[in-house]
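Enquirer: what follows is a predicted protein model with its sequence.
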Amino acid sequence: MKKILRVLIVVIGLPLIGSLLIKPPKTVRDTLTSDAEKKEPGVLDTAFRVTVHNDRGDFHYSPEKAVEMMLAAQIPENIVFSESEDYVETESRSAYDAEQEYLKALAIVLRTNLVYTWEREGRPENLDFDSTGLRMKELKRDAGIEEAAKKTEIKRAVVYTYGAVITKEEGVIAAPFFTSSQGSMLVEEAGEGDGFSLNYAYFLAKEGMDFYKILQRFYDGISVAIYE
């Protein structure tokens, strides 16, 4: 009787212990969320600084702060942010924030280009922003984020995607992007072959596509991962 009892304990107990010790694989969303919640300096923020030149002199920012500034400077002017949470119902999710999914995708694109340039330049301690070749409106600490709602949305997107970059074949890629906000291209046009369309990505977000699917729409065979 005692032997049978011991066998039952082993049979029942081992799977239970195993389930406690073995963690299920994380999705991209799980990884980004958990890393953002740590609020500790990541690999990128401790690896280099981004130098921005303007009329007042040279200023040095952490990569994540630079991404926040780039995001604020690059958002098309026709995108309006609401003061309240703006949710859209979809079949797969009960609550979906189109603005956030759009900003997450764009934040990852901008960070990817920053990191790609940093690696191409030999990983210097100070990266001159001009070396990225990115054309955007004046880049400064508070550019374009005077509105409280816009500032909050931008910060949320950058924190959520903290350290996330686009990779392909285990390497960070150059992630071209463009905007047609000042041109004749309709927002529904994809701009095939030209990279990430800021206008069309917003349209896809409004249609219910999350940030990862939006990125996959513009870049073939890519993955999104925390830079390590």
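Expert: Done, it's in. Numbers count the residues shown, from 1 in each chain.

Enquirer: just give me the longest helix of the chain.
Expert: Taking DSSP state H as the assignment, the helix of the chain that covers the most residues is helix 98-120.

Enquirer: ok, then the element right after that one?
Expert: The first helix or strand that comes after helix 98-120 along the chain, using DSSP states H and E, is strand 126-128.

Enquirer: for the longest helix of the chain, the averaged confidence score.
Expert: When pLDDT is averaged along helix 98-120, the result is 94.

Enquirer: would you map the helices across this protein?
Expert: Counting by DSSP H, the chain forms helices over residues 2-21, 28-38, 43-47, 63-74, 98-120, 148-160, 198-206, 211-218, given from the N-terminal end onward.

Enquirer: the fourth one to helix 198-206, inter-axis angle?
Expert: Interaxial angle of helix 63-74 relative to helix 198-206 (axes from the mean of the first three to the mean of the last three Cα atoms, to 10 degrees): 100 degrees.

Enquirer: so what does helix 63-74 touch, helix or strand wise?
Expert: Packed against helix 63-74, as judged by 3 or more Cβ pairs under 8 Å, 6 or more residues apart in numbering; DSSP states H and E, are the following elements: helix 43-47, strand 49-54, helix 98-120, helix 148-160. For glycine as for every other residue, the C-beta is placed from the backbone atoms N, C-alpha and C.

Enquirer: please point out which parts of it sit buried.
Expert: In terms of neighbour count (16 or more other Cβ atoms under 10 Å), helix 63-74 has its buried residues at 63-64, 66-74.

Enquirer: kindly report the same for the longest one.
Expert: Neighbour-count burial for helix 98-120 flags 98-118 (criterion: 16+ other Cβ under 10 Å).

Enquirer: now the shortest one
Expert: Under the neighbour-count criterion of 16+ other Cβ under 10 Å, helix 43-47 has 44-45, 47 buried.

Enquirer: want to try TSV for the residues you listed, with pLDDT and distance to residue 157 as columns?
Expert: Converted to TSV, the buried residues of helix 43-47 look like this (pLDDT from 0 to 100; distance: Cβ to Cβ, whole Å):
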residue	pLDDT	distance to residue 157
44	93	16
45	91	17
47	95	22
